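Visitor: Fold the stuff below for me.
(chains A, B, C and D)
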Amino acid sequence: MALLTDDLRAMLDDSVDKFIRDRYDFHARQALVSGQTGYSADHWAQFADMGWLGIPFAEQVGGLGGGIVDTLGLMRRFGRGLVVEPYLAVVGLAGQALAGADDGEARDAMLSALVAGDVLPVLAWEETASRGNPAWVELSARGDGGGWCLDGEKITVLNAPQASHLVVSARVAGQAGDADGIELFLLPARAEGVEVTGFPTIDGHRAGQVRFQAARARPLTFDGRGGPLLRRVLDQAGLMLAAEGVGVMESLLQRTVDYTRTRRQFGVPIASFQVLQHRMADMYIATTQAENLLNLTAARWLPDGDNAEAAAALKAQLCVSGRYVGQQAIQLHGGIGMTDELDVGHYFKRLTSMGLLFGDEAWQLRRIWQAHAAA
Amino acid sequence: MALLTDDLRAMLDDSVDKFIRDRYDFHARQALVSGQTGYSADHWAQFADMGWLGIPFAEQVGGLGGGIVDTLGLMRRFGRGLVVEPYLAVVGLAGQALAGADDGEARDAMLSALVAGDVLPVLAWEETASRGNPAWVELSARGDGGGWCLDGEKITVLNAPQASHLVVSARVAGQAGDADGIELFLLPARAEGVEVTGFPTIDGHRAGQVRFQAARARPLTFDGRGGPLLRRVLDQAGLMLAAEGVGVMESLLQRTVDYTRTRRQFGVPIASFQVLQHRMADMYIATTQAENLLNLTAARWLPDGDNAEAAAALKAQLCVSGRYVGQQAIQLHGGIGMTDELDVGHYFKRLTSMGLLFGDEAWQLRRIWQAHAAA
Amino acid sequence: MHDTIADAPAPDDISAFRQEVRDFIAQAADAEIREAGRKMTSFFPSFEPTMRWHRILHRRGWAAAPWPREYGGPGWSVEQQQIFEDECRRAGVPRLLPQGLAMVGPAIMKFGTPEQKQRFLPGIASGDDFWAQGYSEPNAGSDLASLSCRAVREGDHYVINGSKTWTTYAHHANRMFLLVRTSTEGKPQQGISFFLLDRLDLPGLTIRPIIGLDGFPEQCDVFFENVRVPLDSCLGEENKGWTVAKYLLEYERGGSSSFATHFRNELDAIRRLATSSGDGFGGRVVDDPVFQQRYARLLMETAALEATEVQFAALEKGSPESGPMSSMIKITSMETLQRITELAVDVAGTPSLTLQLQALTVGSGVEPIGPEEALTIMPKYLNNRAASIFGGSNEIQRNIIAKLLLSR
Amino acid sequence: MHDTIADAPAPDDISAFRQEVRDFIAQAADAEIREAGRKMTSFFPSFEPTMRWHRILHRRGWAAAPWPREYGGPGWSVEQQQIFEDECRRAGVPRLLPQGLAMVGPAIMKFGTPEQKQRFLPGIASGDDFWAQGYSEPNAGSDLASLSCRAVREGDHYVINGSKTWTTYAHHANRMFLLVRTSTEGKPQQGISFFLLDRLDLPGLTIRPIIGLDGFPEQCDVFFENVRVPLDSCLGEENKGWTVAKYLLEYERGGSSSFATHFRNELDAIRRLATSSGDGFGGRVVDDPVFQQRYARLLMETAALEATEVQFAALEKGSPESGPMSSMIKITSMETLQRITELAVDVAGTPSLTLQLQALTVGSGVEPIGPEEALTIMPKYLNNRAASIFGGSNEIQRNIIAKLLLSR
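Guide: Presented below is the predicted three-dimensional model:
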């Protein structure tokens, strides 16, 4: 359910459209991708100025007081523009984790700075053996009188090399796999005992492996509330990812339709071949299925409730639709789709990433079954 | 591996071709299907006269001394003709079980009569909870001094209503699921304590449920050799079924190609639509995959060895190819393919049956994995 | 999101309404009617008990649920209609046959003369009449524009020659609507008229049931040999029947019915069967992760379908999305349905191969062989092969989508 | 079944031969050559170490395994060639680049003049020359007959204008074979000539590497601007290049190589990775029945592919089945390969998203981030999207099959 007014959302969407149009053509995007930092600090400051960083946060921290559903218009447009700024990681993942934190002081301080564009916290939750399971936490937090120490490793931490802070899921009790005994912790990304191995990812984003050795951190949650919060945050992030994915898919569909209309083979536009027409019809169907399911899921989203089955279905649909649309966009573009020079391949690679992030198709289907069988 | 000479096999194949051509047009077949017995005793006598019933049996029982691979030419042609005579059940299932029996006397007597066309033994192995697993035997055999008594139930016993004898897998020791403790037994189909509930099947064949209550039966195997024999027999039957399936698929492909060449829509033959052309190309591929795998599997078949992985792969391919070719044949024929009047629907239904008999696709894939992981 | 609900009543009224519907069905639907619901194996339930149920509902005023009050509808809100449909499904009563209520009825409301409305609508609403649909021809399946069944004016009559096929339950019908060629000039779509026949016992009219893959007659061939019908048989103008047919096709394709709800019921039934089915190793099929994945995938497809149905219902009439989305609903719903029936067959295993014409016949009193839940599985699988053929094949639907995509 | 083995040696000789091959590879293939094999992520291994391995094999007389002895082949039986290939795969050395050995080499043997054979074949066999293949053009991908790169006679030279694309490793090549239009009369296939260029450092000839989805340059654009080449550049007759190209296409499409063996190796690697990968619940992916089903399905597809390869190899030349079956091999092998790479990505999970250009570069000495086995998984997935595009797209292959089916 959206919390902001229709007018405000429309205004936000327009401002994002304008930004993409004016500042984010493919070449500008590729310059960011191959640059040192992998994103533009100027852009980020602009995001703050436009209020985008504050969409789903309370007014008391400078936010617009919206919910996660209110970010979907922006995310969809970010998908169309293949935006590489760490919005999903900072606002969607770490930001939402912070917004749900028990430690009100840390929460408000961090979120105020986040909304102002002054900090870039990111979320470190995935581990080598966790696949999609946020409860598979081996990284441990030990209390030693005055504070807490983290030991362990996280992988595929989105935007870790660019982060100012890390929000980390850690086990304070029980064993890996237990739903209980997980809390979230906050620490600066350059704190002692933290080693970030950053790398680019295939989709032009950045991520990192992060090792913690006796790294001192501040608890954000208490009494085992970290685990449920983390699950909620990941479901929300899946919703944002789906919106971005729909933006990617509609771009690919449009580009493919346009390309097949102009590309000629055997003396005719290849769009005149029925097999390719049906392929594009199926791309339309796949895209529209994801879009409609996104809209319905968003409309029925419970800000504080259990969205597990709906979130899993949406993410599974994103995996299925994204794989089909991405692969067929390449196939219908032929060789040119295989090159770094054309945006099509980059859209495809972004969809490929999306398929794996926060649990792949098989993982989501498993969650659907579990939620369904439990109902 | 084939055991008969190429010349003899070619002669047999020719004789089957001639039989189908002269005696087995679609209307003749449908008359048998809707008749009382569901097959033709005259045909069966002819099968005996032509030596077909003896192909995979030793010369000492009147057979031709061939192996199961030598029946494949016949089975393929039976597929083309949609033959409903119980060749697979009698020669392939019960006959092969008898041929592997430890009780030489019963074996030779039954097989001599089988080859002469005087008895119709069939194999009862499947149970309610067994799915594809021949080791899931709950039906029990108890020895009581002079003999053995069977108690339990078998389902989907192919051609049970037409049978003169039943070859039955029964548990003499252990629990359902144990590979050991299974023997095969022989008894007349109308013996006391045997109740056959016969029915037609969707593919124009006949089958039955069989209940055994203190039914006296003669053991065919000893010392736990029944289980391994049964597995071998089912693998062989899968090979025969695949040959029949290839015959069905090539018929459907040919009919579909012919139909789309003559059927017109929007002023042109529907074969001119590229989407249908590709569909037929995929039908060709599916058919040819099954055909080639059948041939390679047959060439490498170990008459007395373990063919489990190869047999499972072939049956899985039959399931996959058969489903695709059958469904697309209906789709490309449109409404007319949905009618009882055209043979296409009957070929489709035969493929549908084949998909389920002796373990479905998921079952075969599980077996492939098991055999592969064990290797 | 657009709001799809008009005139929404208060929540209390809604739950009272639901209870009222539930109570009525509970007392009014007899065993044979429920049996007809249980034994549905295609889109068309058994004729006699279904029409009886239609007449029972009519007496309560509920047969023509989406119809305006002036034509005999109950005047329900969309939400009430949805509740009524939900409760019918829950109770397992057969869906009423659509040819009258959902097809020719709405067409008559839109294109009929006052005289035609008065003459035909009451019998449709009451279930006293049953209408057969005469669209397809032996040589014009998905290509309606090429139909050749023709009507020629001779004095105060038309004389019809030609034939129709895939005419559901024509052997039970007393009325028929059909497309006939009344002119060969202009484009093929022009020169088609939409006829209403008020009787079928006409000289020269022959009906021949067609046996389907499942062994039952459901469709029919209808042959016309110099069949004379009065000049007022046209619905709408002569030679403008294509307009009526297109209106109906849109109606049929998008449908107002919720496939998603239906599919969830079908999936529930599969889950129950999987719960009582052995996996061959002493376990249950329902616990097999491979089964669970296929099942969850179909739940996902159903969720996406529901979302598309909601979106489609919220579209403005004539919105540019309504064309491709209506074709999309036809494609995805029918392909998901086919996959659902495939899964059911795989769960049921070889017992689904048993041909049980008698046990499937409503009122036969014959017990099924094997598990009762498996009885309808194979007929559903077989019959639903037609789901991607009839009503404009899925190939045609993909052509439509592509055409719209490429013309943007 | 036809026997595919000619001149089969005795079993003892065979196992001695296998041992000889194994021993040689063990001592001759250095670490960097093996690294090039391990880090193959497309059909084309890293250029430098692969050519070095080519030259090492040549010194042993084994580089041109299927070639006749007169042109520098070892004179092996089919079985020996198979053993050699098996052992190379087992040892993980890179496959030799096919442009010379398997493409232009055989074409020169078949169509070349004695002078051309003598001039070109030794350098191909030895690995001293590397040939680029100039077929595709920006506006003629799968539609070779429409190519427009043209050569016009001017005195004792041809003058070439136009461009070629998807020219693998042209930036490493010193020679090139290409199709050029030498006449515009007759059908489009007529008027095409097959040229052999013995040097690429010609005025007006520019080579521009194309970065692929995986971030590496493998293909190139090649531009010709008034490039002058001698009149004896034609292989076969002028304007008859289509005959040569068709011969090569058949050669390439059917292939003599066994995809099935390659796929089994890829599947083995996936299984190893699944064995060391957690399933998120403390178990291993390899024990997940859903993984096992996908894997087994690919084993099945691979078995069917092997069967088709065997059948194809046994077909008589010019058999009516060889056309459709060669297209079928292209389609099924490439689609199975794509599914294999998909499964690998799913097993590897998010670590496969890491872009590791340096670690993938042979000889860089840079350690991979994350599990070593996952390093090549994503590049393979990305690069193999081209498997259904290049060499005649799978759509073209299905057109070919359908045409043959419908012409029977």
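Visitor: from the stretch 201-350 of chain C, which residue is nearest to chain D?
Guide: Per CB to the nearest CB, C:Pro289 is where the stretch 201-350 of chain C lies closest to chain D, at 4.7 Å. Any C-beta I mention is one placed from the backbone N, CA and C, and that applies to glycine too.
Visitor: That residue reaches D:Gln292, doesn't it?
Guide: No - under the contact definition of CB atoms under 8 Å, C:Pro289 does not touch D:Gln292, with a separation of 9.4 Å.
Visitor: So between these two, which is more surrounded?
Guide: D:Gln292 (23 against 18; other CB atoms under 10 Å in any protein chain shown).
Visitor: So for chain A, the centremost residue is which one?
Guide: Using CA atoms, centre = their mean, the residue of chain A that lies closest to the mean C-alpha position is A:Leu88, 4.1 Å off.
Visitor: residue contacts, the nearest residue to that one once chain neighbours are set aside?
Guide: Nearest residue to A:Leu88, sequence neighbours excluded (CB to CB, 6 or more residues apart in numbering or on different chains): A:Met240, at 5.7 Å. When contacts are counted by CB atoms under 8 Å, 6 or more residues apart in numbering or on different chains, A:Met240 is found next to A:Ile68, A:Thr71, A:Leu72, A:Met75, A:Leu88, A:Gly92.
Visitor: Any regions of chain C where pLDDT drops low?
Guide: Per-residue confidence for chain C (pLDDT under 70) gives these ranges: C:1-9, C:141-142, C:144, C:251-257.
Visitor: domains for the chain, by residue range?
Guide: As the question left the chain open, I've gone with chain A. As assigned by automatic domain parsing, chain A contains the domains A:6-115, A:121-222, A:228-374.
Visitor: Not quite, go with chain C.
Guide: For chain C, the domain assignment from automatic domain parsing gives the residue ranges C:2-96, C:131-241, C:258-406.
Visitor: that older thread, and the residue nearest to A:Leu88, its phi and psi?
Guide: In this entry, A:Met240 is assigned phi and psi values of phi -60, psi -40 (degrees, to the nearest 10).
Visitor: and what of C:Thr182?
Guide: phi -110, psi 0.
Visitor: OK, contacts around it?
Guide: Under the criterion of CB under 8 Å, 6+ apart, the neighbours of C:Thr182 are C:Arg150, C:Ala151, C:Val152, C:Tyr158, C:Gly191, C:Ile192, C:Ser193, C:Glu238, C:Asn239, C:Gly241.
Visitor: go again using 10 Å as the cut-off
Guide: Contacts for C:Thr182 were tallied using CB atoms under 10 Å, 6 or more residues apart in numbering or on different chains; they are C:150-153, C:158, C:160, C:190-195, C:234, C:238-241.
Visitor: And C:Leu97, by the same measure?
Guide: Contacts here follow CB under 10 Å, 6+ apart; on that basis C:Leu97 touches C:43-45, C:47, C:50-51, C:54, C:103, C:127, C:130-131, C:168-169, C:172-173.
Visitor: let's go with 8 Å and repeat that
Guide: Residues C:Phe44, C:Pro45, C:Phe47, C:Thr50, C:Met51, C:His54, C:Phe130, C:Tyr169 are the ones in contact with C:Leu97 under the rule CB under 8 Å, 6+ apart.
Visitor: Now intersect those residues with the helices, please.
Guide: The helices, defined by DSSP state H, take in C:Phe47, C:Thr50, C:Met51, C:His54 from the contacts of C:Leu97.
Visitor: Closest to chain B out of the residues you listed?
Guide: The closest of these, once distances to chain B are taken by CB to the nearest CB, is C:Phe47, at 18.7 Å.
Visitor: C:Phe281 is in contact with B:Gly132, isn't it?
Guide: No - taking CB under 8 Å as the contact criterion, C:Phe281 and B:Gly132 are not neighbours in contact, 10.4 Å apart.
Visitor: what's A:Val122 sitting at in phi/psi?
Guide: Recorded main-chain torsions at A:Val122 are phi -130, psi 170, according to degrees, to the nearest 10.
Visitor: neighbours around it, how many?
Guide: Look at A:Val122: counted by other CB under 10 Å, it has 28 neighbours.
Visitor: now it: how far from chain D?
Guide: Distance from A:Val122 to chain D, counting by CB to the nearest CB, to the nearest Å: 14 Å.
Visitor: Now do the same contact list for residue 136.
Guide: All of this refers to chain A. With CB under 8 Å, 6+ apart as the criterion, the residues that contact A:Trp136 are A:Glu127, A:Ala129, A:Ser130, A:Ala176, A:Gly177, D:Gly278, D:Gly280, D:Phe281, D:Gly282.
Visitor: not quite, I wanted chain C
Guide: B:Gly335, C:Leu144, C:Lys164, C:Thr165, C:Trp166, C:Thr167, C:Phe390.
Visitor: Quick check: neighbours of the lengthiest strand in chain A in the sheet, parallel or antiparallel?
Guide: Once chain A is assigned using DSSP state E, the strand that runs over the most residues is strand A:206-219. Taking DSSP bridges as the criterion, strand A:206-219 pairs within the sheet with strand A:148-158 (antiparallel), strand A:182-188 (antiparallel), strand A:194-200 (antiparallel).
Visitor: Is the helix or strand following the longest one positioned near chain D?
Guide: Okay, so that is strand A:148-158. Beyond strand A:148-158 in the direction of the C-terminus, DSSP states H and E gives the next helix or strand as strand A:165-171. No - with CB under 8 Å from any CB of the partner chain as the measure, strand A:165-171 is seen stopping short of chain D, the closest distance being 13.6 Å.
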